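>>> Mind folding the following:
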Amino acid sequence: MSIGPIVGVHLLMNLYDIPDINMLKELSNGRPILDDIVRELRLTVVSQTGYQFHPTGYTYAYVLSESHFTIHTYPEFRSCYVDIFCCNPNFNTVHASDYIKRAFNTINATYQVIRR
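Purely as a prediction, here's the structure:
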């Protein structure tokens, strides 16, 4: 079996103990944070969609020219899960994970990076 070239990195983050659950409950509260993350990480959005769960929580997806960025929130657990696959060679996973933790105001997070 032949292994092809590495085309990008896949950042998988689990964020816990998010103090303001309002940013996790309603998509209308979370979108400004997500849009800010997109701007800070210089991601190029080509399409986006989301779903507001009832009574609470949401999922949102950005299709990027670099690949994708998704989030799934669980306000009942004060947590969310972020997935960014990026084929831009300048994408800095350490900066991205630090910025996302700050955006959600938590230090309790884990992440892994998969080269793909």
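>>> Check which residues of stretch 43-63 are buried.
For stretch 43-63, the neighbour count (16 or more other CB atoms under 10 Å) marks 43, 57-62 as buried. Every C-beta, even on glycine, is put in place using the N, C-alpha and C of the backbone.
>>> Which parts of this protein are strands?
Along the chain, the stretches classed as strands by DSSP state E are 9-15, 45-52, 58-64, 67-74, 79-86, 109-115.
>>> Same list, the buried residues of stretch 43-63, but as a markdown table with pLDDT and distance to Val82 please.
Shown next, in a markdown table, are the buried residues of stretch 43-63 (pLDDT from 0 to 100; distance: CB to CB, whole Å):
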| residue | pLDDT | distance to Val82 |
| --- | --- | --- |
| Leu43 | 97 | 12 |
| Gly57 | 98 | 14 |
| Tyr58 | 98 | 13 |
| Thr59 | 98 | 11 |
| Tyr60 | 98 | 10 |
| Ala61 | 98 | 11 |
| Tyr62 | 98 | 11 |
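>>> closest to Asn90 among the residues you listed?
Leu43 (11.5 Å; CB to CB).
>>> This completes my enquiry, with thanks.
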